[in-house]
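>>> Make a model of this:
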Amino acid sequence: MRSTGEKLLKSNKAPSSLSPLAVAARQKHLEEHDGSHNSNLPGSTALSCPSEQELRVPCYCEENVWRLAYRRIHSDTREEGGAAAHMIRCGEQTQEEENERLVSRNYVVFISNEQRCCPMLGQRASKNSKEACFWDYHVIFIESVRERVKTSVKFNENPTDSSITLPRQRTTVFDVDSRLPYACELEVYLEATFSSLKFRTECDRDKYAPLFRVIPADIYLENFYSDRMHMFNSGTGQWNAPPPTYDCIMNHKTNPTERNKEGNLSNLAEYVSMRFEHAREDGINDTTRIDETQSVFGEVLTLQLLLSKFGHI
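Next comes the predicted model:
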């Protein structure tokens with residue numbers, strides 16, 4: 001991902017074909033990070049990393065979240081802060097709560113819009129938390145926990161106990177690029193990141209409003225691949241940001257052979273795409289069947305539909 005303004009974004013469109021310099025750079029990078037050493041595989045390095053926050057490589061959020069998803073799915077332990085590790089507590093001595101059922105699901109969420117220019121507050125790339133960072137795209141990890149909580153309530157005026165079972169949903173955001181606390185409630189994250197943005201006109205607000213592509217984490221792990229060449233400047237022969245030292249993520253279900261329109265071995269553009277006609281406008285079934293996805297690239301939701309699907313019940 002790149003921090004950009006609208007004019008900068010328009011002037012940095014990738015060429016339709018790679019220059020000889022870019023082709024040579026890609027081949028060299030792939031040879032150096034071809035996965036021939038198991039200890040340098042993206043998944044292996046994710047598991048051996050001391051903490052989730054240390055998985056961060058600036059400007060490679062799609063890989064940061066891939067490795068976080070790998071670590072969470074393939075590790076038996078959870079670091080402090082995961083929503084599934086917490087029990088709901090009401091704080092009232094007269095009420096005891098017991099989880100009848102607990103379902104935890106992990107998702108990868110791409111944030112962008114049709115303009116490929118999405119302002120976000122509280123990002124570490126900005127000078128301070130109140131200064132917006134304009135990403136062409138950003139990626140976060142969310143954990144959604146659904147519970148049916150059996151609640152026993154003892155009323156002072158009534159010696160008998162009353163027991164009810166209520167559905168609960170809590171969704172936690174993990175964003176290593178945010179200044180917000182790591183493991184942040186979805187509602188808090190969206191409010192702090194987007195609600196305080198100021199625009200000159202309502203037209204601008206609509207134009208740069210965020211859209212969210214939501215993909216089940218296990219599906220993303222199996223299908224995402226990238227040779228990182230979207231971050232290579234073929235004009236200067238330099239990287240826009242230093243690439244990760246671990247191997248390129250190429251180990252999805254089918255060997256990556258299909259190049260995108262820029263000539264790269266990558267399907268990143270399919271995840272970043274936020275064509276509005278693909279955005280979900282109803283959201284009716286989403287609140288009851290959150291495990292369904294229409295394709296390996298998930299579904300696109302507006303901010304309100306994201307809250308309808310993953311917000312507190």
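
>>> Give me the below-cutoff pLDDT ranges for the stretch 1-150 of the chain.
Counting by pLDDT under 70, the ranges of the stretch 1-150 of the chain that qualify are 4-37, 76-101.

>>> hey, where'd the strands end up in it?
95-112, 118-120, 133-135, 138-154 (DSSP state E, counting those that start in this stretch).

>>> Report the strands that pair with the last one, each with its relative direction.
Okay, so that is strand 138-154. strand 95-112 (antiparallel), strand 161-174 (antiparallel) (DSSP bridges).

>>> quick one: residue 295 from residue 273, how far?
Look at residue 295 and residue 273: by Cβ to Cβ, to the nearest Å, they are 12 Å apart. Every C-beta, even on glycine, is put in place using the N, C-alpha and C of the backbone.

>>> try residue 113
Distance, residue 113 to residue 273, using Cβ to Cβ: 11 Å.

>>> repeat for residue 126
Residue 126 is 25 Å from residue 273, by Cβ to Cβ.

>>> and what of residue 227?
Distance from residue 227 to residue 273, counting by Cβ to Cβ: 18 Å.

>>> cool, residue 247 as well?
26 Å.

>>> Same check on residue 222?
Residue 222 is 19 Å from residue 273, by Cβ to Cβ.

>>> quick one, helices of this structure?
Per DSSP state H, the chain carries helices over the ranges 6-11, 20-32, 42-48, 61-74, 186-190, 202-207, 217-223, 268-272, 303-310.

>>> Buried ones in the third one, by neighbour count?
To tie it back to what came earlier, the one meant is helix 42-48. By neighbour count on 16 or more other Cβ atoms under 10 Å, the buried set for helix 42-48 is 42, 43, 44, 45, 46.

>>> The last one is in contact with residue 67, isn't it?
Looking back up the chat, that one is residue 46. Yes: contact criterion Cβ atoms under 8 Å: residue 46 and residue 67 qualify, at 3.7 Å.
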